[in-house]
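Q: below: sequence and its predicted model.
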Amino acid sequence: MSVFQFLKSKSFFIQVTIAIVGLLVFIFALKYWLGYSTNHDQKIQVPNLHKMSLEKVELKLKELNLDFIVIDSASYNPDYPKRSVIEQSPETGDFVKEKRKIYLTLNPSKYRDVTIPNLNGRTKRQATSHLRSIGFNIGTNPISVRDIGKDVVRGLRYKGEILNEGDKLPLNSIVDLVLGDGNGN
């Protein structure tokens, strides 16, 4: 039998018809199974978790059959309670399916610590701009000591205590400058 005769034969058309029907049955079965196994049309609205502690978040998400993962801590934000949610993904109001993971970013318990640099011998202006650039606030009443250099930094203090190079303070701490008065030898 030649190829052209086989293509015109009844058995070829029966095999092609069986293959097409089998493919259609497979596609419809796959579509039904995927709709069932992926919980198609199921929607759970993501709640607002901002400013909530992890304990409250866990209870809230357990009610909704959702999970969470803490992915990071952000920079300290004093407007939020310590160790509370600052950001979440997916956002509030988005729709998800059950057992979906909500990714959370938490507020740290305090500002990050910053290392005190060596500013001894620098001018008041240099020290002030350097301290501000690394995240400190400068006290309004500098402390004067007897020294030959006027407005030359001779030390730093925090709440009355002397600071040394390498000490660490929380970001946004108020640092007082110890400056020379220009009347010393």
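A: Cool, the structure landed. Since the structure is predicted, the reported quantities are computational estimates derived from the model, not experimental observations. Numbering: from 1, shown residues only.
Q: how about the least confident helix or strand in the chain by mean pLDDT: buried residues?
A: Ranked by mean pLDDT, DSSP states H and E, the helix or strand of the chain with the weakest confidence is helix 3-8, at a mean of 79. Of the residues in helix 3-8, none count as buried by neighbour count, 16 or more other Cβ atoms under 10 Å. Heads up, the C-betas are built off the backbone N, CA and C, glycines and all.
Q: pull the distance from it to the chain's centre.
A: Once both centres are worked out by Cα atoms, centre = their mean, to the nearest Å, helix 3-8 turns out to sit 67 Å from its chain's centre.
Q: okay, the one helix or strand residue 70 maps to in PDB with CA atoms only?
A: Using DSSP states H and E, residue 70 sits in strand 67-73. Extracted C-alpha coordinates of strand 67-73, given in PDB (Å, rounded to 0.1, in the frame of the first residue of the first chain):
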ATOM      1  CA  ASP A  67       0.500  32.400  56.300                       C
ATOM      2  CA  PHE A  68       3.200  35.100  56.800                       C
ATOM      3  CA  ILE A  69       6.900  35.400  56.500                       C
ATOM      4  CA  VAL A  70       9.000  38.200  58.000                       C
ATOM      5  CA  ILE A  71      11.400  39.300  55.300                       C
ATOM      6  CA  ASP A  72      13.200  42.300  56.900                       C
ATOM      7  CA  SER A  73      13.300  45.000  59.400                       C
END
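Q: list the contacts of that strand.
A: Strand 67-73 has contacts (Cβ atoms under 8 Å, 6 or more residues apart in numbering) with 54, 57-58, 61, 99-108.
Q: please redo it, this time with the cut-off set to 6 Å
A: The contact list for strand 67-73 (Cβ atoms under 6 Å, 6 or more residues apart in numbering) reads 61, 101, 102, 103, 104, 105, 106, 108.
Q: show me which of the residues you listed are buried.
A: 61, 102, 104, 106.
Q: could you give the bridge partners of the nearest residue to the first one once chain neighbours are set aside?
A: Distances taken as Cβ to Cβ, 6 or more residues apart in numbering place residue 68 nearest to residue 61, at 5.5 Å, with adjacent residues excluded. Using DSSP bridges, the bridge partners assigned to residue 68 are residue 102.
Q: per-residue pLDDT, residue 68?
A: As predicted, residue 68 sits at a pLDDT of 91.
Q: separation between it and residue 178?
A: Going from residue 68 to residue 178 by Cβ to Cβ, to the nearest Å gives 48 Å.
Q: thinking again about what came up before, out of the contacts of strand 67-73, which is nearest to residue 6?
A: Residue 6 lies nearest to residue 101 out of the contacts of strand 67-73, by Cβ to Cβ, at 56.1 Å.
Q: ok, now which ones touch that closest one?
A: 67, 69.
Q: again, 10 Å this time
A: Contacts for residue 101 (Cβ atoms under 10 Å, 6 or more residues apart in numbering) come out as 61, 66, 67, 68, 69, 71, 89, 90.
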